[in-house]
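Sequence isn't available, so here's the structure alone:
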């Protein structure tokens, strides 16, 4: 498990499904975050380079990340940020752990391109949607996760008008 932020308060940029695209709106939305979590379908090593310039990056690979450059990237990762254990997985259908038994506070996923933020049984489930090319009529967005209060809070940031 990696520790991302030692302070008890953190502002975390969460995105997924960039599919090789880093929009200028992403840079603006992530300005000043303590760290960035990317939940897979990166699409290009250039995305990693761009995001690492903004803040410490924790990244996993998704189902499209099959090229040689992605082999070093894990399929899942647990990161501790502001005292919260965050489990990153691209597709929730691949989830092989019980987050509660594993001591996970937050599960971050991608894949569906559908934003989701809900607390179920004491676990905060967050899918930031897709920050990459538009798919169907789904929004292009990311989330800002605020940690430090009694419960995690997230704000969905629309990157382009719907």
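Okay, I see it. Since the model is a prediction, treat every value here as computed from it, not as a measurement. Residues are numbered from 1 along each chain as shown.

Tell me which helix or strand comes right after the helix or strand bottoming out on mean pLDDT in the chain.
Sorting the helices and strands of the chain by mean pLDDT, DSSP states H and E puts strand 2-5 at the bottom, at a mean of 57. For strand 2-5, the following helix or strand on the C-terminal side (DSSP states H and E) is strand 10-15.

neighbouring contacts of that next one?
Around strand 10-15, the neighbours that count as contacts under C-beta atoms under 8 Å, 6 or more residues apart in numbering are 4-5, 26, 29-30, 32-39, 54-55, 81-82, 108, 126, 128, 131, 142-148, 154. (Glycine included, C-beta is placed from N, CA and C.)

Of those residues, select the buried ones using a PyMOL command.
Buried residues within the contacts of strand 10-15, by 16 or more other C-beta atoms under 10 Å, are selected in PyMOL with:
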select buried, resi 4+5+26+29+30+33+34+35+36+37+38+39+54+55+81+82+108+126+128+131+142+143+144+145+146+147+148+154
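
mind listing which of the contacts of strand 10-15 are in helices?
Members of the contacts of strand 10-15 lying in helices (criterion: DSSP state H): 26, 29.

So which of the contacts of strand 10-15 are in strands?
Among the contacts of strand 10-15, DSSP state E puts 4-5, 35-38, 81, 108, 126, 142-147, 154 in strands.

which residues sit in contact with residue 18?
26, 38, 41-43, 47, 130-132.

Now pLDDT and distance to residue 138 too, for these, in JSON lines please.
Shown next, in JSON lines, are the contacts of residue 18 (pLDDT from 0 to 100; distance: C-beta to C-beta, whole Å):
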{"residue": "26", "pLDDT": "96", "distance to residue 138": "16"}
{"residue": "38", "pLDDT": "98", "distance to residue 138": "18"}
{"residue": "41", "pLDDT": "98", "distance to residue 138": "13"}
{"residue": "42", "pLDDT": "98", "distance to residue 138": "18"}
{"residue": "43", "pLDDT": "97", "distance to residue 138": "17"}
{"residue": "47", "pLDDT": "98", "distance to residue 138": "19"}
{"residue": "130", "pLDDT": "97", "distance to residue 138": "6"}
{"residue": "131", "pLDDT": "97", "distance to residue 138": "11"}
{"residue": "132", "pLDDT": "95", "distance to residue 138": "11"}
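
What is the nearest of these to residue 162?
Closest to residue 162 out of these is residue 130 (12.6 Å), distances taken as C-beta to C-beta.

How many residues are close by the closest residue in space to residue 70 that isn't next to it in sequence?
In space, and not counting its chain neighbours, residue 70 is closest to residue 61: 4.9 Å by C-beta to C-beta, 6 or more residues apart in numbering. Residues near residue 61, counting by other C-beta atoms under 10 Å, number 23.
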